[in-house]
Structures are given as structure tokens and as C-alpha cells.
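Trainee: test case, fold it:
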Amino acid sequence: MNFFRFIFTKTFWIQVVIAALVTVVLCFAYLFWLDWYTNHDQKIEVPDLEKLTLTEVREQLKDLDLRSKIIDSTSYNPAFKPRTVIEQDPLAGKFVKENRQIYIKVNASGYEKVLVPNLIYKTKRLAIPTLEALGFKIGEITYKPNIAENTVLEMRYKNKKLEPGTQLRKTSTIDLVLADGKNPSARIDVSDNE
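Mentor: Numbers count the residues shown, from 1 in each chain. Model prediction:
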């Protein structure tokens, strides 16, 4: 029997119909399984985690069958409490499926520490902007007798002498002791005038 005669037989067309039915059934079975496996139509609304502590985040996400992962601990932001959530991805109000990971950024526990530069015998005009650029605050400015007017003689922190290279947190207040421009060794000799 040649091939062209076989295609017009009843047996061939029965086999084609059976193959088509099996293909359709397998496609529908696969689509049903895929919907079940990917939790199609399941929606969990992502809660607002901003300003929550890590413990509160874990509890809230556990109740919703979601997970959290810290992706960054940002530099300290005073608008948020230390060790609380600053950002999250996906954002609050978005819909996700169960067991989805929510990525969070956490506020640092405090301002980072910065090295105090050596500003001894530098001018006031240089010292103040340098300290402010590093994030320090300038506190009380006092003067001591020294001929080098407006140069830094000492830096103080909480009434203690501050050595260059010490680490302090940003926003710490540093007091400056400057030279007043008077020569401490110059004395007025009254006996010469008499």
C-alpha cells in the first residue's frame, strides 16, 4: 500500500483524531498544573513596613506567608529610629504571591564615626568649614593668649582635649580654642618709664 492511499483510509484518520485529542487534553492538563503550581490568581497585598523594627517586620510577613531579606543598611537618617526599615521592594500596596521575598533597607544604628582631622595651628577660616564638611558641629569658641591670631590651639569634645585622629560620630559638637593674637611673653615694664 503506498503512502498516498494510506492517508485516505479510515485507520489513518482515526489515528489523527486520537493524536489531536491527546494533544488537547495534555495542553489543558499542563495549563491546569501551571495555574496550580504558580498560585495563579493568588494575591497578597504587601504591607507598609516603613519605620518598623526587624522583629515587627518578620512577624507581619510571617502572618502573610512572605519572607524578608535585608539588602542594605543605609547611613543614619535621623527621620527614622535606628534599626528600622527605610525602604522596601516591592512597595506597600503591591500584590505578590505567597513565599515572595520582600527586600528591605534598614536605618543604621547611629551616625557613622569620622576621623577628626589635624587642625592644630590651622586658621579658624580653614578649621570651621573643614569640620562642618565632615559633619561635625562647631560649639563654643574660646581664646587663649598666643601671637598667631585666630589659629586653632586646641580642639575639645565634652570639655576634654581632643587629639587629631580620634573617631567621633557625625554631628558631634567640637569646641575650639583659638589664639587671641596677643603675645603672652610681652610684659610692660613700668620701671623704664619713670
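Trainee: sec struct for Ser73, please.
Mentor: Secondary structure, DSSP: H, G, I helix; E, B strand; the rest coil: Ser73 is strand.
Trainee: make that Pro164, sorry
Mentor: Under three-state DSSP, Pro164 falls in the coil class.
Trainee: repeat that for Lys62.
Mentor: Applying three-state DSSP: Lys62 is helix.
Trainee: what number of residues lie near it?
Mentor: 11 (other Cβ atoms under 10 Å). In short, each C-beta sits where N, CA and C put it, glycine included.
Trainee: state the distance from it to Pro90.
Mentor: According to Cβ to Cβ, to the nearest Å, Lys62 stands 17 Å off from Pro90.
Trainee: before we move on, what about Gln101?
Mentor: When distance is defined by Cβ to Cβ, Gln101 is 10 Å away from Pro90.
Trainee: any idea which element Leu153 lies in?
Mentor: Leu153 is located in strand 152-157, with elements delineated by DSSP states H and E.
Trainee: the helix or strand following that strand pairs with which strands, parallel or anti?
Mentor: Using DSSP H and E, the next helix or strand after strand 152-157 towards the C-terminus is strand 160-161. Applying DSSP bridges to the sheet, strand 160-161 is found paired with strand 152-157 (antiparallel).
Trainee: please list the residues outside the strand it pairs with that contact it.
Mentor: Contact with strand 152-157 is made by 116, 119-124, 127, 144, 146, 161-162, 164, 166, 168, 172-179, as judged by Cβ atoms under 8 Å, 6 or more residues apart in numbering.
Trainee: ok, 7 Å please
Mentor: 116, 119-122, 124, 127, 144, 146, 161-162, 168, 172, 174-179 (Cβ atoms under 7 Å, 6 or more residues apart in numbering).
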